[in-house]
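K.L.:
Sequence and predicted structure below; questions after.
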Amino acid sequence: MANPNGKKRELIEGKSALIVIDIQQSTFVKKEVRSIDHMPDYAERMARTRTVIDKAREVGIPVIFIQEIHRADLIDFGRELDGDEDVHCLDSNPETEIAKEVLGFRKDDYLIQKRRYSAFYGTDLEILLKGLKAETLILTGGLTDVCVHYTYVDAHQGDYFCRVIENCVGGSSLEAHNASLRAMEYLQTGAVRQMDQVLQAMEAQR
């Protein structure tokens, strides 16, 4: 049941930042066997983020790209390979690069490299966000049920307003995708939005 005393929030509260999570070259390489499961239409969902990136640039909202990357000797995987995921995102593999052409990545863009699911864990993302004076984080990318979810939770616990663009994120399965979105919406009412809603809110920031 929704909190009857909860305060209704705007989609964008204060200054915002667009967080593009783990949309890397491997997303757009067709393989018979993948090291990580993806829901149907995953690549299409990731590519759709380009529209949001372009709008953010147009209205002056900072874009922060997150890249999962691991050392080729596997030393920094920790417990990550104890579940369903196989070896992935090695620094020796060109497919680990950000999908620069698809996303319109620029040399002067903000880039955060991470070795765990959350973009906050062991990175300087928090320092960057404080410098940008961001209050609302708009999340896109994958996986909905892994890196997006854990980044969202850490952002929530850091008192950021969190928004997830439902049709610009994708999970390991449709079931996992939907379950994670419900969990995120539970933490912040109105967190899960569609791309057209976010584009309208961005336009209002001019």
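P.N.:
Arrived safely, thanks for sending. Numbers count the residues shown, from 1 in each chain.

K.L.:
how about the helices of this protein, start to end?
P.N.:
For the chain, the helices defined by DSSP state H occupy 42-59, 100-103, 125-132, 149-157, 174-187, 195-203.

K.L.:
for these, which one sits closest to Gly83?
P.N.:
Of all the helices of the chain, helix 174-187 sits nearest to Gly83, with 12.2 Å by C-beta to C-beta. Yep, even glycine has a C-beta here, placed from its N, CA and C like the rest.

K.L.:
what does the closest one rub up against?
P.N.:
Helix 174-187 is contacted from outside by 39-40, 143-145, 148-149, 152-153, 156, 162, 164, 166, 169-171, 191-192, using C-beta atoms under 8 Å, 6 or more residues apart in numbering.

K.L.:
try 7 Å this time
P.N.:
39, 144-145, 149, 152, 156, 164, 166, 170-171, 191-192 (C-beta atoms under 7 Å, 6 or more residues apart in numbering).

K.L.:
ditto for stretch 196-206
P.N.:
Counting contacts by C-beta under 7 Å, 6+ apart, the residues outside stretch 196-206 that touch it are 11-12, 52, 55-56, 59, 61, 138, 163, 165.

K.L.:
Check Lys15 and give its pLDDT.
P.N.:
At Lys15, the model reports a pLDDT of 97.

K.L.:
among the contacts of stretch 196-206, which ones are buried?
P.N.:
Buried members of the contacts of stretch 196-206, counted by 16 or more other C-beta atoms under 10 Å: 11-12, 52, 55-56, 61, 138, 163, 165.

K.L.:
before we move on, the earlier item: possible to save the contacts of helix 174-187 as a markdown table with pLDDT, neighbour count and distance to Ile19?
P.N.:
Listed next are the contacts of helix 174-187 as a markdown table, based on pLDDT from 0 to 100; neighbours: other C-beta atoms under 10 Å; distance: C-beta to C-beta, whole Å:
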| residue | pLDDT | neighbour count | distance to Ile19 |
| --- | --- | --- | --- |
| Met39 | 92 | 20 | 20 |
| Thr144 | 98 | 29 | 13 |
| Asp145 | 96 | 22 | 16 |
| His149 | 98 | 24 | 13 |
| Tyr152 | 98 | 29 | 9 |
| His156 | 98 | 16 | 13 |
| Val164 | 98 | 26 | 10 |
| Glu166 | 98 | 20 | 15 |
| Gly170 | 97 | 29 | 15 |
| Gly171 | 96 | 24 | 17 |
| Ala191 | 97 | 21 | 13 |
| Val192 | 98 | 18 | 15 |
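
K.L.:
Which residue is the nearest non-sequential neighbour of Lys114?
P.N.:
Distances taken as C-beta to C-beta, 6 or more residues apart in numbering put Thr123 closest to Lys114, at 5.2 Å, once the chain neighbours are dropped.

K.L.:
Pull up the gap between Ala201 and Leu18, please.
P.N.:
For Ala201, the distance to Leu18 (C-beta to C-beta, to the nearest Å) stands at 12 Å.

K.L.:
who has more neighbours, the two?
P.N.:
Neighbours around Ala201 and Leu18, counted as other C-beta atoms under 10 Å, are more numerous at Leu18. The numbers are 26 against 20.

K.L.:
surely that one meets Ile61?
P.N.:
Yes. Between Leu18 and Ile61 there is a contact at 5.8 Å, judged by C-beta atoms under 7 Å.

K.L.:
Thank you, goodbye.
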